[in-house]
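this is the structure alone, sequence omitted:
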């Protein structure tokens, strides 16, 4: 179990280091003129991949080279948002520009790519809802085959299905309840999840296929529903290799670490890998105080510590990395949820992550990376 006081102690030590940024608590260079290890180097020492979701327009934004430079030097994994609605403006048209740019960037910098996502209730074009059921099945099969096939051998991990557990009542009579009012489930039924995994596996047999979901940190029925769904998939012989857990939290979110450890342990016991896929911690108001930033740093540290502690947890991916460039449409830089501030200065959260990853340990090596 991770104790908040231990992480705050690390922060206090870092805050007193010579050269630390006054406003953001940024990590100073290595002492004695030595280069400090990058995040990806620190994570590799602990057998983890570390990274962020990226957006293609920010990689090429004039006058803002910090975005691409930080991603290229600090990350060992990035998520490419390959959303159905972005890629299929019309049924007969594919637009791969966003994913192509991120995959090319990752290839040139030796970075693993996660593809997100193939089957989601959101981000659907209007034309899809007008199709008859048989055509809808065919469109989804074609979409998965074309998208996964295009990046075969280049996108190593796919979030095949995303956020399909009902957000209000995840269990009904003890059984997982899906988002049955949304297009895919309402029209095609629960078996569409199985089919999506099978089609993705056929398109790239070497890719690792994940079910991705939010809210396991809430515990209770939601956590049980997530575990139940992936258990059914794994025990039914569906080609699923891992579970992505989002962790959109706040500095005040109570993380029940022992309960989380048990729930993630149940997933690992199925032979499935685990990745933290969309980590952020929204402060939720402008002009964050030092206390806000320290509490945020504790949360980041605890999630990284959780991944280091749980068997088969192979990566931590944040949902963006600078407050200047948010990844969620409902979030602005004023929510300050990420590792760097809007001027690309390190925040205490980054110090916390570096402190957790930099602690000397034994028994966990790079063989844990996927």
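Structure received. Remember, predicted model here, so these are calculated numbers, not experimental data.

which residues in the chain form strands?
49-53, 77-81, 112-120, 155-162, 171-172, 175-176, 208-213, 242-245, 248-249, 273-281, 313-318 (DSSP state E).

among these, which comes closest to residue 256?
With Cβ to Cβ as the criterion, residue 256 lies closest to strand 248-249 of these, at 12.1 Å. All C-beta spots, glycine's among them, are computed from the backbone N, C-alpha and C.

related to what we said a few turns ago, now, of the strands of the chain, which is deepest in the fold?
Sort the strands of the chain by mean neighbour count, taking mean count of other Cβ atoms under 10 Å, and strand 242-245 sits at the top with a mean of 28.

tell me what it is packed against?
Judged by 3 or more Cβ pairs under 8 Å, 6 or more residues apart in numbering; DSSP states H and E, the packing partners of strand 242-245 are strand 208-213, strand 273-281.

need these in TSV (columns: distance to residue 61).
Below are the helices and strands packed on strand 242-245 laid out as TSV (distance: least, Cβ to Cβ, whole Å):
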stretch	distance to residue 61
strand 208-213	27
strand 273-281	21
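
so what's the nearest residue to residue 196 once chain neighbours are set aside up against?
Leaving aside its sequence neighbours, residue 196 sits nearest to residue 119 (Cβ to Cβ, 6 or more residues apart in numbering; 4.4 Å). Shown in contact with residue 119 (Cβ atoms under 8 Å, 6 or more residues apart in numbering): 140, 144, 160-162, 164, 184, 192-193, 196.

in helices only, show me these.
Counting by DSSP state H, the part of these found in helices is 140, 144, 184, 192-193, 196.

from those residues, pick the one nearest residue 78.
For those, the nearest to residue 78 is residue 144 (21.1 Å; Cβ to Cβ).

can you report how many residues lie near the residue lying closest to the closest one once chain neighbours are set aside?
Excluding the flanking residues, the one nearest residue 144 by Cβ to Cβ, 6+ apart is residue 199, at 4.4 Å. Look at residue 199: counted by other Cβ atoms under 10 Å, it has 21 neighbours.

residue contacts, residue 199?
Listed by Cβ under 8 Å, 6+ apart, the contact set of residue 199 reads 140-141, 144-145, 148.

make it 7 Å
Neighbouring residues of residue 199 by Cβ atoms under 7 Å, 6 or more residues apart in numbering: 141, 144-145.

just the buried residues of the residues you listed.
When the contacts of residue 199 are checked for burial by 16 or more other Cβ atoms under 10 Å, the buried set is 141, 144.

residue 226: which of the contacts of residue 199 is nearest?
Closest to residue 226, out of all of the contacts of residue 199 and judged by Cβ to Cβ, is residue 144, at 22.3 Å.

how near is that closest one to residue 79?
According to Cβ to Cβ, to the nearest Å, residue 144 and residue 79 sit 18 Å apart.
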